[in-house]
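Engineer: whatever this is, show me its structure:
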Amino acid sequence: MSPPDAAAIPDPVAYDSTWYLEKVDKIGQKVKAAPAAAANVEFAKEQEAIPHSGPQGKVVPLTIIDDPADWRASELKPSDYTYHLSPAEVAEIIAATEAILARGVKDEEDIKKLTREDYHLPSLGPKLIELADKEVTNGRGFSSSSEPPLENPCIHHVVGFPVQHFASNRAGLVVAFWGWALLLGRVQISQTDWNSKGEVFGSIFNHVTVGRFADVYTEPHNEYTKKGDDKKLSFHSDQGATDLIALLSLSAAKEGGESQLVSAIAIHNELLRRGRKDLVEVLSTPGIWHTAKQETQRSALPNADGSYADYEETQPFEYHGGYLSVHFGARKFADTAKQLTPLQEEAIWAVAAIAEDPAFHLSLKLVPGDVELLHNPSTFHARTHVVDGTNRHLVRWWVHSDSNKRPVAPHYAPRSNVGDIGGFLVPHYPDLSKQRLPLHPYSRHDGLGQSHVE
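Structural biologist: Residues are numbered from 1 along each chain as shown. The predicted structure is shown next:
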């Protein structure tokens with residue numbers, strides 16, 4: 001396979017969607033061509049003979065997994081995955097935040113020193129912990145808030161976070177959302193950045209805005225290059241997140257920028273149902289999959305001779321400890337120094353094709369005050385192209401929740417710069433001076449975060 005020149009496609013998941021969608025259509029159609037059970041008696045018998053296992057924790061390799069994380073968008077109603085914060089719960093968030101601010105907490109350094117004991121949500125707190133445990137980490141894998149959810153959606157969408165109340169108080173807004181992360185578990189470094197001096201630091205609270213990658217400092221040419229952040233993001237998993245990812249919308253784009261979610265477990269099961277056990281086998285075969293290293297990874301794992309590898313081993317589907325964990329990104333696997341076999345290439349684009357099927361993925365337009373929670377090892381996420389996204393602004397954190405007893409698979413995502421239970425490794429971590437919790441978005445090369453773009 002010959003992917004486009006890397007300079008033309010600078011990001012592993014954000015690039016010209018034409019090339020990506022052409023590959024999805026070409027190879028994906030072949031996988032979709034499996035005979036319909038109603039028209040093929042032999043095929044129908046084969047489907048009935050496919051063994052099942054589950055739920056997660058009791059998974060047998062190469063079987064259809066019976067688990068709440070096996071969901072399809074066509075089978076869900078918004079009430080299945082949405083939770084609306086009540087007026088009393090909103091008031092509780094505001095009161096907890098204002099109590100912290102009254103102690104003089106006003107900037108990034110103050111907020112980094114907070115612990116869960118500082119953030120009191122006597123009514124809402126236990127509900128958030130239960131939602132993260134039963135609905136996201138050990139359920140369907142995503143969530144967003146609005147109405148009482150069905151049991152075990154594993155994703156969630158929470159509606160009504162008091163963004164407008166803190167519109168003129170950014171420290172208050174950050175404290176309010178950061179408190180949720182502290183309540184749920186161990187916060188992880190979710191972004192590695194470096195300044196023009198080459199000093200690396202870890203961000204534990206990220207701003208997602210159009211233009212955040214403008215004027216990126218690149219090596220080895222020691223120059224700044226423009227890099228857009230408004231393109232379609234294809235379906236992928238985040239590298240270092242082993243449990244929860246949360247996004248809060250502060251403001252939305254005029255058009256586009258919809259958040260898309262798809263169940264990795266449903267894709268695994270669908271490949272088996274379509275008679276493509278061979279694809280599941282190759283996706284779960286160790287030692288044959290590699291992804292290209294980013295600049296901050298290359299210094300983390302030197303070769304014996306002192307040089308640095310440009311790629312490292314990983315695995316799209318990994319069965320481990322009775323669980324299936326999935327790490328995916330079509331471009332991540334296609335753009336490496338390691339050549340894919342025809343079967344590997346077909347497997348990657350088959351996964352992408354099913355993910356792009358509207359019957360499988362959800363599309364959510366996150367408006368100000370919406371919170372999206374998802375479980376990274378069982379859910380892929382994507383974003384549609386952003387049109388006029390000048391005002392689009394979300395904030396994000398990763399957490400390894402206290403309820404997560406799932407073992408981290410040995411090759412789940414590239415490991416050279418990722419901790420044992422997730423989160424990026426940064427020199428001198430956990431030295432707080434090397435962690436960032438910026439109140440405002442910044443161009444990632446500057447390392448300062450004080451020149452906000454709002």
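
Engineer: is residue 365 in contact with residue 258, as I believe?
Structural biologist: Yes: if you go by C-beta atoms under 8 Å, residue 365 and residue 258 touch, sitting 5.2 Å apart. The C-beta positions use only the backbone N, C-alpha and C, and glycine is treated the same way.

Engineer: the more surrounded of these two?
Structural biologist: Taking neighbours as other C-beta atoms under 10 Å, residue 365 and residue 258 compare with residue 258 leading, 17 against 14.

Engineer: you'd agree the more buried one is up against residue 362?
Structural biologist: No: here residue 258 does not reach residue 362: they are 9.5 Å apart, not a contact under C-beta under 8 Å.

Engineer: what are the buried residues along whichever strand or helix holds residue 343?
Structural biologist: Taking DSSP states H and E as the definition, residue 343 sits inside helix 342-355. Buried positions in helix 342-355, judged by neighbour count with 16 or more other C-beta atoms under 10 Å: 344, 345, 346, 347, 348, 349, 350, 351, 352, 353, 354, 355.

Engineer: dump the residues you listed to JSON lines, plus distance to residue 420 and pLDDT.
Structural biologist: What follows is these, written out as JSON lines (distance: C-beta to C-beta, whole Å; pLDDT from 0 to 100):
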{"residue": "344", "distance to residue 420": "28", "pLDDT": "93"}
{"residue": "345", "distance to residue 420": "32", "pLDDT": "89"}
{"residue": "346", "distance to residue 420": "34", "pLDDT": "91"}
{"residue": "347", "distance to residue 420": "29", "pLDDT": "93"}
{"residue": "348", "distance to residue 420": "28", "pLDDT": "91"}
{"residue": "349", "distance to residue 420": "32", "pLDDT": "90"}
{"residue": "350", "distance to residue 420": "32", "pLDDT": "92"}
{"residue": "351", "distance to residue 420": "27", "pLDDT": "94"}
{"residue": "352", "distance to residue 420": "30", "pLDDT": "93"}
{"residue": "353", "distance to residue 420": "34", "pLDDT": "92"}
{"residue": "354", "distance to residue 420": "31", "pLDDT": "94"}
{"residue": "355", "distance to residue 420": "29", "pLDDT": "94"}
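
Engineer: out of those residues, which comes closest to residue 284?
Structural biologist: Nearest to residue 284, judged by C-beta to C-beta, of these is residue 347 at 9.8 Å.

Engineer: what sits closest to the closest one if chain neighbours are left out?
Structural biologist: residue 279 (4.2 Å; C-beta to C-beta, 6 or more residues apart in numbering).

Engineer: ditto for residue 180
Structural biologist: Nearest to residue 180 is residue 128, by C-beta to C-beta, 6+ apart, at 6.3 Å.

Engineer: wait, the one you found sits on residue 119?
Structural biologist: No: using C-beta under 8 Å, residue 128 is not in contact with residue 119; the gap is 10.9 Å.

Engineer: quick check: neighbours shared by those two?
Structural biologist: Residues touching both residue 128 and residue 119 (C-beta atoms under 8 Å, 6 or more residues apart in numbering): residue 183.

Engineer: before we move on, back to that, pull the number of nearby residues for the residue nearest to residue 347.
Structural biologist: For residue 279, using other C-beta under 10 Å, the count is 22.

Engineer: before we move on, back to that, and the helix holding residue 343, what does it pack onto?
Structural biologist: Judged by 3 or more C-beta pairs under 8 Å, 6 or more residues apart in numbering; DSSP states H and E, helix 342-355 is in contact with helix 17-32, strand 233-236, helix 264-273, helix 277-283, helix 330-334.

Engineer: for the following helix or strand past it, packing partners?
Structural biologist: Using DSSP H and E, the helix or strand that follows helix 342-355 towards the C-terminus is strand 362-364. Other elements packing on strand 362-364 under the criterion 3+ C-beta pairs under 8 Å, 6+ apart are strand 259-263.

Engineer: partner strands of the strand it packs on, parallel or antiparallel?
Structural biologist: strand 362-364 (antiparallel), strand 379-383 (antiparallel) (DSSP bridges).

Engineer: redo these as a markdown table? Include mean pLDDT.
Structural biologist: Listed next are the strands paired with strand 259-263 as a markdown table, based on pLDDT from 0 to 100:
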| stretch | mean pLDDT |
| --- | --- |
| strand 362-364 | 93 |
| strand 379-383 | 93 |
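
Engineer: looking at the ones you listed, which is nearest to residue 187?
Structural biologist: When the strands paired with strand 259-263 are compared by C-beta to C-beta, strand 379-383 sits nearest residue 187, at 19.4 Å.

Engineer: packing partners of the helix or strand that that closest one is followed by?
Structural biologist: Toward the C-terminus, strand 379-383 is succeeded by strand 386-387 as the next helix or strand (DSSP H and E). When contacts are defined as 3+ C-beta pairs under 8 Å, 6+ apart, strand 386-387 sits against strand 255-256.

Engineer: centre of the chain to the strand it packs on, how far?
Structural biologist: The chain centroid and the centroid of strand 255-256 are separated by 20 Å under C-alpha atoms, centre = their mean, to the nearest Å.

Engineer: now do it, average pLDDT.
Structural biologist: Throughout strand 255-256, pLDDT has a mean value of 86.

Engineer: ditto for stretch 314-321
Structural biologist: On average, stretch 314-321 scores 93.

Engineer: for stretch 88-103, same thing?
Structural biologist: Rounded mean pLDDT across stretch 88-103 is 98.

Engineer: ditto for stretch 203-218
Structural biologist: 66.

Engineer: how about stretch 164-182?
Structural biologist: 97.

Engineer: and stretch 63-77, by the same measure?
Structural biologist: 93.

Engineer: over to stretch 399-407?
Structural biologist: In the prediction, stretch 399-407 has an average pLDDT of 85.
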